[in-house]
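Peer 1: Here is the input, now give the coordinates:
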Amino acid sequence: MQKDYRPCLEKLAGAPPKRKAALIRSLLPGIEAALHSGQSLKDIWEALGNEGLQMTYHVFHMTVWRARKSGKPTATSSWGKTG
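Peer 2: Alright, predicted model coming up:
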């Protein structure tokens, strides 16, 4: 009898990322939506910092830049899309 490991993987996939770069990639659709609505990257960084994100603005800026440049799809890449 083979054990079903899918629930374990689904639980891991639903957990917040441990690495900040992965966290920023998962938040990228929301960051993009905020930018398109007229918010500055610094405003977004400050708002996330108020929620507990601990990274300097320079690191945040570079991490967002890299995430946007790579264009890697994320599990939440449909965030903000209507369809």
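Peer 1: Which strands or helices does the longest helix along the chain pack on?
Peer 2: When the chain is parsed with DSSP state H, its longest helix is helix 20-36. With contacts taken as 3 or more CB pairs under 8 Å, 6 or more residues apart in numbering; DSSP states H and E, helix 20-36 sits against helix 41-50, helix 57-70. For every residue, glycine as well, the C-beta is placed using N, CA and C.
Peer 1: Buried residues, that helix. List them.
Peer 2: 23-29, 31-32, 34 (16 or more other CB atoms under 10 Å).
Peer 1: What is the nearest of these to residue 51?
Peer 2: Nearest to residue 51 out of the buried residues of helix 20-36 is residue 27 (CB to CB; 10.6 Å).
Peer 1: And residue 10, how far from residue 4?
Peer 2: For residue 10, the distance to residue 4 equals 11 Å [CB to CB, to the nearest Å].
Peer 1: Then residue 68?
Peer 2: Distance from residue 68 to residue 4, by CB to CB: 37 Å.
Peer 1: Kindly report the same for residue 28.
Peer 2: 31 Å.
Peer 1: Check residue 46 too.
Peer 2: Separation of residue 46 from residue 4 (CB to CB): 44 Å.
Peer 1: If you count surrounding residues, which of those two has more?
Peer 2: residue 46 (15 against 8; other CB atoms under 10 Å).
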